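# My questions concern the predicted model and sequence given below.
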Amino acid sequence: MSQKSRDTVPRTATADRVVQSVCPFCAVGCGQKVFVKDEKVIQIEGDPDSPISRGRLCPKGSASEQLVNSATRQTEILYRAPRAREWQKLSRGTAIDMIADRFMAARKKWWQDEDEHGRPVRRTMGIAALGGATLDNEENYLIKKLFTAAGAIQIENQARI
């Protein structure tokens, strides 16, 4: 073995801390170890203590560090108004208010108290939801509850499609 090989240390050895996480790419839920140095992710590896993946990651999971540290990662909320040519930056509060206003307007506009036979239905046909397979069971459960409480009946999940 050369001196250079003997002197080489893995970048994980220099990490300040290791954080356990779950891979964000699919619904399998593979465990990850996220190595952090100076508040920056320096490496992501499979978690050998995970009963799901036992330390293994697929190619996408193995590339998670690139997702976090990519120079092209979008970190600001952008909005393009109808027929506008340029994107504008929005604050988180403004974006949430816009979404909530549109959600409530669609709910109100398409609300049905009764069907054509006079039976109570109390629903809206103006809102639909499509859950994603990258969300965990708890997130999908809460999304289902939220949309059901709002009166939506068109609720589906990517995993069933």
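Done, it's in. Numbers count the residues shown, from 1 in each chain.
# ok, residues contacting the longest strand along the chain?
If you go by DSSP state E, the chain has its longest strand at strand 120-131. With CB atoms under 8 Å, 6 or more residues apart in numbering as the test, strand 120-131 has contacts from 103, 106-107, 109-115, 140, 143-144, 147, 150-159. C-betas here are computed from N, CA, C, even on glycine.
# For ChimeraX, write the selection for the buried entries among these.
Remark: buried members of the contacts of strand 120-131, expressed as a ChimeraX selection using 16 or more other CB atoms under 10 Å:
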select :103,106,107,140,143,144,147,151,152,155,157
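# how about the longest strand of the chain: buried residues?
123, 124, 125, 126, 127, 129, 131.
# One more: stretch 31-50?
31-35, 41-47, 50.
# Find the pair from the residues you listed with maximum spatial separation.
Across the buried residues of stretch 31-50, the longest distance by CB to CB is 20.2 Å; it joins 42 and 50.
# what's the longest helix in the chain?
helix 92-109 (DSSP state H).
# just checking, what packs against that helix?
Applying 3 or more CB pairs under 8 Å, 6 or more residues apart in numbering; DSSP states H and E, one finds that helix 92-109 contacts strand 77-79, strand 120-131.
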